[in-house]
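Quick one: sequence plus predicted model below, questions after.
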Amino acid sequence: MAKTIAVVNQKGGVGKTTTCVNLAAALTELGRRVLVCDFDPQANTTSGFGVDKTAASPSIYEVLIDGADCAKAIVPTRWADVIPSNKALAGATVEMIGIDRREYLLRDALAPFRESYDYIFVDCPPSLELLTLNALCAADTILVPVQCEYYALEGLSDLLSTIRIVKRSLNKSLELEGVVLTMYDGRTNLSIQVAEEVKRHFPGKVYATVIPRNVRLSEAPSHGKPVTAYDNLSRGAEAYRALAGELMEKNSAVPAGV
């Protein structure tokens, strides 16, 4: 059975999509079968895998709102299978209000694929509304990228509060997979201080691997490739490969091909 991991942080620009794309690609490189669901109307994960977000049909929007076959929405790429998104998803929150079991639409859509993959990642929008709630109800665990900057912990209390509410009333098995420090610059006191503060708030849950500030990580999406394909020897590629190894070690009970 696949482990479903929601990549969540309501702050924008913290590296959610970068982490989702590159961690998935690194896990595929290591022999895991990975499905990525782009659940953000900006659809940056979709284009980050080289999928044309204007042409992909059906997208996750049609799956949720129109009942389209999710299997037909899956687009295979060299680096992971992708369920694409597009700007239509921005209106889904309003349209979902009148649908029964609206919190579980994504979980129901992904359920048939849990035996076909080792990991399913859901890249969430930078908010705590109904789309993110769907992702939390579909997920086994959540992965939280935290940018190494002054406002890093701002809003995390709201996120943790939302997770507790979801765990209590909608998804009792939801757990914190871990926290990933992104945009880390070991030359600055600020990055070091933020890292220490995050570790204090999340004891035992912060990955040893940190994601550095790296130009190649920023350039790769414009080429429609993960960084491991764009520049395999870059610091960014090495970091995400190390993070994938650390994630696999934590989840060693999930063998490849099961």
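Yep, that arrived.

Now do the helices in the protein.
16-29, 44-48, 60-65, 70-73, 92-96, 105-110, 130-138, 156-169, 189-201, 215-219, 227-230, 235-250 (DSSP state H).

low-confidence ranges in the protein?
253-258 (pLDDT under 70).

how about a cut-off of 90?
Residues of the chain meeting the criterion pLDDT under 90: 1, 56, 97-98, 127-128, 149-160, 186-188, 190, 201, 251-258.

Tell me which of the helices of the chain lies nearest to residue 3.
Of all the helices of the chain, helix 235-250 sits nearest to residue 3, with 9.5 Å by CB to CB. The way it works is simple: take the backbone N, C-alpha and C, and place the C-beta from them, glycine included.

For that closest one, buried residues please.
Using 16 or more other CB atoms under 10 Å as the test for burial, helix 235-250 gives 235-244, 247-248.

Can you tell me which of those is nearest residue 96?
Closest approach to residue 96 among the buried residues of helix 235-250 (CB to CB): residue 247, at 30.6 Å.

wait, doesn't the closest one sit right on residue 24?
No - contact between residue 247 and residue 24 fails when scored by CB atoms under 8 Å: they sit 10.6 Å apart.

ok so, going back, among the helices of the chain, which is the most enclosed?
Counting by mean count of other CB atoms under 10 Å, helix 16-29 has the highest mean neighbour count of the helices of the chain, with a mean of 27.

Next, work out how far apart the residue nearest to residue 79 when sequence neighbours are not counted and residue 130 are.
Nearest in space to residue 79, with sequence neighbours left out and distances taken as CB to CB, 6 or more residues apart in numbering, is residue 25 at 3.9 Å. Distance of residue 25 to residue 130, computed by CB to CB, to the nearest Å: 29 Å.

and residue 183, what is it in contact with?
14-15, 147-149, 211-213 (CB atoms under 8 Å, 6 or more residues apart in numbering).

Pull the most distant pair out of the residues you listed.
14 and 212 (14.5 Å).

out of the two, which sits in the busier spot?
For residue 14 versus residue 212, neighbours defined as other CB atoms under 10 Å are more numerous around residue 14 (23 against 18).

Contact partners for that one?
145-147, 182-183.

What I need now is the residues you listed written out in CSV, including distance to residue 167 for each item.
Formatted as CSV, these follow (distance: CB to CB, whole Å):
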residue, distance to residue 167
145, 20
146, 20
147, 25
182, 25
183, 29
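
Test my guess that residue 171 contacts residue 136.
Yes - shown here, residue 171 and residue 136 form a contact pair, counting by CB under 8 Å, at 6.3 Å.

tell me which residues of stretch 84-103 are tucked away?
For stretch 84-103, by 16+ other CB under 10 Å, it's 84-86, 89, 92-93, 96, 102-103.

Extract the C-alpha trace of it and format it as CSV.
Below are the C-alpha coordinates for stretch 84-103, written out as CSV (Å, rounded to 0.1, in the frame of the first residue of the first chain):
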residue,chain,number,x,y,z
PRO,A,84,-2.2,17.6,-13.3
SER,A,85,-3.9,20.7,-12.1
ASN,A,86,-4.9,24.0,-13.8
LYS,A,87,-6.4,27.3,-12.9
ALA,A,88,-9.9,25.9,-12.9
LEU,A,89,-9.1,24.3,-9.6
ALA,A,90,-9.3,27.8,-8.0
GLY,A,91,-13.1,27.6,-8.2
ALA,A,92,-13.4,24.1,-6.9
THR,A,93,-13.7,25.2,-3.2
VAL,A,94,-17.0,26.9,-3.9
GLU,A,95,-18.3,24.1,-6.2
MET,A,96,-17.4,21.4,-3.6
ILE,A,97,-19.6,23.0,-0.9
GLY,A,98,-22.7,21.3,-2.2
ILE,A,99,-21.2,17.9,-2.7
ASP,A,100,-21.7,15.1,-0.1
ARG,A,101,-18.6,14.0,1.8
ARG,A,102,-16.8,17.0,0.2
GLU,A,103,-13.8,16.6,2.6
